[in-house]
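[1] Any chance you could fold what I've pasted below:
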Amino acid sequence: LTSFQCIHQNMHTHFNYTHTIKLHRAISLVRDSNICISVRNPLSDYETREKVVFNPSEHLEAEEENSREPPCHFALKWEGSKKRSTIEILDEAACKTAMKKLNKGKKGPIAPEVGVPRIVTMDDNETFVPILAMECRGIEPYEFHIMGGEFIVIGEGGGKFEADTVDLSEGSWADYDEENDISVFISSFESKFVSA
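    Now for the predicted structure:
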């Protein structure tokens, strides 16, 4: 189970990520937006794939007809490997099931930064928050690349900024909620992947 997380820092004038946000109520990852990540082979020091893009709403079927391999959202074959390495995006129920299975096999609880994906709120000030959960087999994501259009922001006054207007690819974003006469601002975007 790999969790993509974000941190929120609230400063007045931020799937774990850090950002500075002025007057927002919530930030949410759009579930059907393209995701761009860099991945590596966990069994190799040099095999990587930079900036691979996939859509969590699209499933890839197994290459062989009679394969028992389940559908996934992203797959590749590393050099010399016979099997595909895969990433499956988990919904809330699948994430809870995976966490229960992980807890049974461990002597202690799962790390607190690994959890069920949720919306980032103002109360998450300077705290990493899981926003995407993935089951990774033979592949390790290590960097998230913002392309723009991945997030929805809800301002403190309730104004909603759709994904096509929220572009954090430069590490910051600002807009104005005219209906509520409030500025909304995000800067210093950071993210990390955490494995359970």
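
[2] tally of neighbours for the closest residue to residue 27 other than its chain neighbours?
    Spatial nearest neighbour of residue 27, excluding adjacent residues (C-beta to C-beta, 6 or more residues apart in numbering): residue 120 at 4.5 Å. Just so you know, the C-beta spots here come from the backbone N, C-alpha and C atoms, and that holds for glycine as well. Applying other C-beta atoms under 10 Å, we find 26 residues neighbouring residue 120.

[3] Can you pull the phi/psi pair for residue 120?
    With angles defined as degrees, to the nearest 10, residue 120 sits at phi -90, psi 130.

[4] so it touches residue 131, yeah?
    Yes - at 6.6 Å, residue 120 counts as touching residue 131 under the criterion of C-beta atoms under 8 Å.

[5] just to revisit the earlier point, how close does the residue nearest to residue 27 sit to residue 129?
    5 Å (C-beta to C-beta, to the nearest Å).

[6] Direction included, what does the longest strand along the chain pair against?
    Under DSSP state E, the strand in the chain containing the largest number of residues is strand 182-195. Note on strand 182-195: by DSSP bridges, its sheet partners are strand 2-10 (antiparallel), strand 17-22 (antiparallel), strand 173-177 (antiparallel).

[7] now the helices for this structure?
    Per DSSP state H, the chain carries helices over the ranges 92-105.

[8] Please enumerate the strands of it.
    Along the chain, the stretches classed as strands by DSSP E are 2-10, 17-22, 24-29, 35-40, 48-54, 74-76, 85-90, 120-121, 127-137, 140-145, 151-155, 160-161, 173-177, 182-195.

[9] shaky segments in this protein?
    Residues of the chain meeting the criterion pLDDT under 70: 1-24, 105-113, 125.

[10] at 80 instead, please
    1-25, 63-67, 102-115, 122, 124-128, 156-157, 171, 182, 185-190, 196 (pLDDT under 80).

[11] Tell me the residue in it that is farthest from the middle.
    Most distant from the centre of the chain: residue 66, at 31.6 Å, with distances by C-alpha atoms, centre = their mean.

[12] any idea how far that residue lies from residue 60?
    As judged by C-beta to C-beta, residue 66 and residue 60 stand 17 Å apart.

[13] cool, residue 77 as well?
    Distance, residue 77 to residue 60, by C-beta to C-beta: 12 Å.

[14] Around residue 28, how many other residues sit close by?
    Residues near residue 28, counting by other C-beta under 10 Å, number 18.

[15] From residue 167, how far off is it?
    Between residue 28 and residue 167 the distance is 15 Å, computed by C-beta to C-beta.

[16] With residue 83 instead?
    Distance, residue 83 to residue 167, using C-beta to C-beta: 37 Å.

[17] for residue 60, same thing?
    From residue 60 to residue 167 the distance is 28 Å (C-beta to C-beta).
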